[in-house]
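K.L.:
Sequence first, predicted model second:
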Amino acid sequence: MLTPQDVRSVQFEKNLRGYRTEDVDRFLDKVEEQLQQNDAQAEQLRKQIADLTAENQKLKGELQSFEADGDMLKSALINAQRMGENVIREANQKAEEIIHRANLRGDDIIRDANELLQKASEVFEVTRRADDFVVEQTDCRNRPVAPFAFSITDSGVIMPVEMARGQAAAEVRAARLAAVMRESFGPNPELTYGELCEAVAVHAAVSGRTAKRKVTEARAMGILAVDRHTEKYSLKGG
């Protein structure tokens, strides 16, 4: 490969009929200058190629990094989606368990309430008098409770009502007991003690023990009469 140094160091033999020395030297100077320019451009191109090669390697590295980040992001999104599905599934399961336990608890509460109401019906009796409700104790084994009354407003609010004591309360109780006995006899003029107790238990919605006490109380109040021969019960004046 011809270099500027080669052109600069070349020498020609002189001849009487050869080229003019000045023209040859001038041409060689131009060739040397052109070669120097070519070398400079070639060096510049080599530098640009080196820079582009380095930039290309850098871009390749960034691309690989982006691809790796993309794979990581994709994996993270998939894991997040799976985790979200697991969270939703577990939340639904827990919600179903809570609802199931609440339903079981609700059944227990209702059952306990019914038992309390049943026990209360064996101890207290509620009857309606006009717009008021009168509550009286029927089981005297516990501490006696004086009769009381209440009313329910149109908005569903329970309001206590002053109730007459003494004779008025006894009259109310006697009238209510007589009504229960009339309902228990129905069309039958006479009933045995067992039949009457069963009928009272049904119509008054009380236990058999409470029904027996009511029959005894009605007889003591003069509401019932007993035939000494047949031992059957009937309503006085009926």
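P.N.:
Alright, I've got the coordinates.
K.L.:
Verify the stated contact: residue 234 with residue 189.
P.N.:
Yes - judged on C-beta atoms under 8 Å, residue 234 makes contact with residue 189 at a distance of 5.9 Å. All C-beta atoms are positioned from the backbone trio N, CA, C, and that covers glycine.
K.L.:
which of the two has more neighbours?
P.N.:
It is residue 234, of residue 234 and residue 189, that has more neighbours when counted by other C-beta atoms under 10 Å, with 18 against 10.
K.L.:
my read is the more buried one is in a helix, agree?
P.N.:
No - judged by DSSP: H, G, I helix; E, B strand; the rest coil, residue 234 forms no part of a helix; its state is strand.
K.L.:
ok now do the spatially closest residue to it that is not a sequence neighbour, which residues does it touch?
P.N.:
In space, residue 234 comes closest to residue 190 once its chain neighbours are excluded; the distance is 4.9 Å by C-beta to C-beta, 6 or more residues apart in numbering. Counting by C-beta atoms under 8 Å, 6 or more residues apart in numbering, residue 190 touches 227, 230, 232, 233, 234.
K.L.:
how far away is the first one from residue 21?
P.N.:
Counting by C-beta to C-beta, to the nearest Å, the gap between residue 227 and residue 21 amounts to 176 Å.
K.L.:
What's the biggest helix in this structure, counting residues?
P.N.:
helix 21-123 (DSSP state H).
K.L.:
Return the list of helices and strands in contact with that one.
P.N.:
In this structure, helix 21-123 packs against helix 4-9, with contacts taken as 3 or more C-beta pairs under 8 Å, 6 or more residues apart in numbering; DSSP states H and E.
K.L.:
Tell me the buried residues in the particular helix or strand that has residue 182 in it?
P.N.:
With the criterion set as DSSP states H and E, the secondary-structure element containing residue 182 is helix 167-185. Judged by neighbour count using 16 or more other C-beta atoms under 10 Å, the buried positions of helix 167-185 are 169, 172, 173, 176, 177, 178, 180, 181, 184, 185.
K.L.:
just checking, what packs against it?
P.N.:
strand 124-129, strand 132-137, helix 193-204, helix 208-220, strand 233-235.
K.L.:
Just name the most buried of these.
P.N.:
With neighbours defined by mean count of other C-beta atoms under 10 Å, none of the helices and strands packed on helix 167-185 is more surrounded on average than strand 233-235, at a mean of 20.
K.L.:
okay, stretch 43-57 in PDB with CA atoms only?
P.N.:
What follows is stretch 43-57 as a C-alpha-only set of coordinates in PDB (Å, rounded to 0.1, in the frame of the first residue of the first chain):
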ATOM      1  CA  GLU A  43      -8.600   7.300  10.400                       C
ATOM      2  CA  GLN A  44     -11.800   9.300  11.000                       C
ATOM      3  CA  LEU A  45     -13.900   6.600   9.400                       C
ATOM      4  CA  ARG A  46     -12.200   4.000  11.600                       C
ATOM      5  CA  LYS A  47     -12.900   6.100  14.700                       C
ATOM      6  CA  GLN A  48     -16.500   6.400  13.600                       C
ATOM      7  CA  ILE A  49     -16.800   2.700  13.000                       C
ATOM      8  CA  ALA A  50     -15.300   2.000  16.500                       C
ATOM      9  CA  ASP A  51     -17.700   4.500  18.000                       C
ATOM     10  CA  LEU A  52     -20.700   3.000  16.200                       C
ATOM     11  CA  THR A  53     -19.500  -0.500  17.200                       C
ATOM     12  CA  ALA A  54     -19.300   0.500  20.800                       C
ATOM     13  CA  GLU A  55     -22.800   2.200  20.600                       C
ATOM     14  CA  ASN A  56     -24.100  -0.900  18.900                       C
ATOM     15  CA  GLN A  57     -22.800  -3.100  21.800                       C
END
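K.L.:
I'm done for today, thanks for sticking with me.
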